[in-house]
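>>> How does the following fold in three dimensions:
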Amino acid sequence: MSKKNIAVVMGGFSSEVNISILSGNTVCKHLDQSKYNVFPIHILKEGWFCKHADHKPIPVDKADFSINVEGTKITFDCVFNTIHGTPGEDGILQAYLKLLNIPQTACNYYEAALTFNKRDCIGVLKAYGIKTATNYLLNKGDAIHATEILEQVGLPCFVKANKAGSSYGVSKVYGAEELEGAIEVAFKEDDEIIIESFLEGTEVSVGVINYQGNVMALPVTEIVSDNDFFDYQAKYEGKSQEITPARITDEQTEAVQREAEKVFKILKLKGLTRAEFIFHNGEPHFLEVNTTPGLSPASIIPQQAKVAGISLPELFDNVIEQAMRDRTSQ
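Below you'll find the model as predicted:
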């Protein structure tokens with residue numbers, strides 16, 4: 001059987017570019033070289049290039065997503081999507097690849113756009129009875145009525161960029177005098193923001209994957225931030241403990257895993273995903289879902305897969321196989 005050409009796309013146009021490159025390099029390292037020809041593709045504001053160790057950067061032909069290696073045109077059987085943020089997590093890349101009929105490992109373009117928009121995603125899930133924080137929505141240019149906002153969400157509260165990841169543009173606000181500054185920070189990342197009530201409780205993260213044809217939740221990770229909340233430093237600079245399996249009861253574990261699987265199915269997700277919840281008043285409350293979650297050695301999905309007894313080569317191979325099966329079944 002001939003080896004499949006796999007493009008591992010990484011980078012992107014957002015603040016998460018370097019984290020995405022770590023994820024992409026992890027995937028490249030763990031894909032089965034006897035089964036796949038692996039091509040690291042950097043999609044950056046300055047251009048799209050294949051950065052193969054054996055060659056100088058090779059430009060990608062955007063007309064058909066191909067590269068030319070020493071006179072030979074190479075097209076791809078599948079794209080492994082490890083871009084966090086735009087254009088890989090918000091549906092833009094998915095739509096482009098759909099037009100070219102190239103399978104990719106993340107969810108489809110509409111589902112990607114929906115989940116990347118925190119407030120739209122929460123709106124859909126609330127209709128299905130998924131518990132969430134109370135929230136207040138602002139667009140750039142809206143009048144800011146601090147009293148009205150705080151009456152609705154209370155203090156402390158979180159101010160978040162609506163479409164950003166890795167805790168960019170997120171502030172925890174304790175007093176009314178901090179609100180305007182936090183809103184300014186969030187608007188630097190996005191022109192829409194979401195202000196949420198603070199939920200007191202244990203924060204957990206649950207990977208959900210379609211593994212060997214079955215939707216399954218991975219072991220639950222408990223997030224214990226050394227900082228005030230699970231911010232960028234906590235996620236990527238070691239300022240947190242991530243404890244897998246989480247120190248919660250078997251009943252709580254079961255409840256949050258079922259809720260995470262429900263979210264995956266409601267939103268028609270695919271590939272590797274990770275949903276965040278807080279146990280507030282004993283019940284899991286949904287925060288957000290990541291449809292191209294971090295896959296670097298420090299990331300949560302690799303930690304959870306290890307506890308589940310799934311190796312990274314198995315995990316990544318399964319995602320590629322699923323993506324290629326999905327195309328043939330359509």
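>>> And the helices in this protein?
17-30, 92-99, 109-116, 118-127, 146-153, 176-187, 232-236, 250-266, 300-308, 312-329 (DSSP state H).
>>> Dump the ones you listed into TSV; add mean pLDDT and mean neighbour count as well.
To be clear about C-beta, it is placed using only N, CA and C from the backbone, and glycine gets the same treatment. Shown next, in TSV, are the helices of the chain (pLDDT from 0 to 100; neighbours: other Cβ atoms under 10 Å):
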stretch	mean pLDDT	mean neighbour count
helix 17-30	96	21
helix 92-99	98	18
helix 109-116	96	21
helix 118-127	94	17
helix 146-153	95	14
helix 176-187	94	16
helix 232-236	45	19
helix 250-266	98	18
helix 300-308	96	20
helix 312-329	89	17
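>>> Quick one, which of these gets closest to residue 84.
helix 17-30 (4.7 Å; Cβ to Cβ).
>>> Distance from the chain centre to that closest one, please.
Taking Cα atoms, centre = their mean, to the nearest Å, one finds the center of helix 17-30 at 14 Å from the center of the full chain.
>>> next one: stretch 67-75
31 Å.
>>> how close does residue 311 get to residue 160?
35 Å (Cβ to Cβ, to the nearest Å).
>>> More neighbours: which of these two?
residue 160 (27 against 12; other Cβ atoms under 10 Å).
>>> is that one in a bridge, and if so with what?
residue 170, residue 194 (DSSP bridges).
>>> was I right about it contacting residue 182?
No. Contact criterion Cβ atoms under 8 Å: residue 160 and residue 182 do not qualify, at 9.3 Å.
>>> mind listing what the closest residue to residue 190 other than its chain neighbours touches?
Excluding its sequence neighbours, the residue lying closest to residue 190 (Cβ to Cβ, 6 or more residues apart in numbering) is residue 161, at 3.9 Å. The contact partners of residue 161, taken as Cβ atoms under 8 Å, 6 or more residues apart in numbering, are 168, 169, 170, 186, 187, 188, 189, 190, 192, 193.
>>> Against residue 125, how distant is the fifth one?
Applying Cβ to Cβ, the value for residue 187 to residue 125 is 25 Å.
>>> got it, and the third one?
Computed as Cβ to Cβ, the residue 170 to residue 125 distance reads 20 Å.
>>> ok, now which ones touch residue 125?
132, 263, 266, 267, 286.
>>> what's the closest of these to residue 56?
Of the contacts of residue 125, the one sitting nearest to residue 56 (Cβ to Cβ) turns out to be residue 267, at 40.7 Å.
>>> count of neighbours near that closest one?
Neighbour number of residue 267 under other Cβ under 10 Å is 22.
>>> From residue 146, how far out is it?
Residue 267 is 33 Å from residue 146, by Cβ to Cβ.
>>> And for residue 58?
Taken as Cβ to Cβ, the span from residue 58 to residue 146 is 52 Å.
>>> What's the end-to-end length of stretch 50-60?
7 Å (Cα to Cα, to the nearest Å).
>>> which parts of that stretch are buried?
50, 51, 52, 58, 60 (16 or more other Cβ atoms under 10 Å).
>>> Residues in contact with that stretch: which ones?
7, 39-43, 47-49, 66-69.
>>> Looking at this structure, which residue reaches furthest from the middle?
residue 71 (36.4 Å; Cα atoms, centre = their mean).
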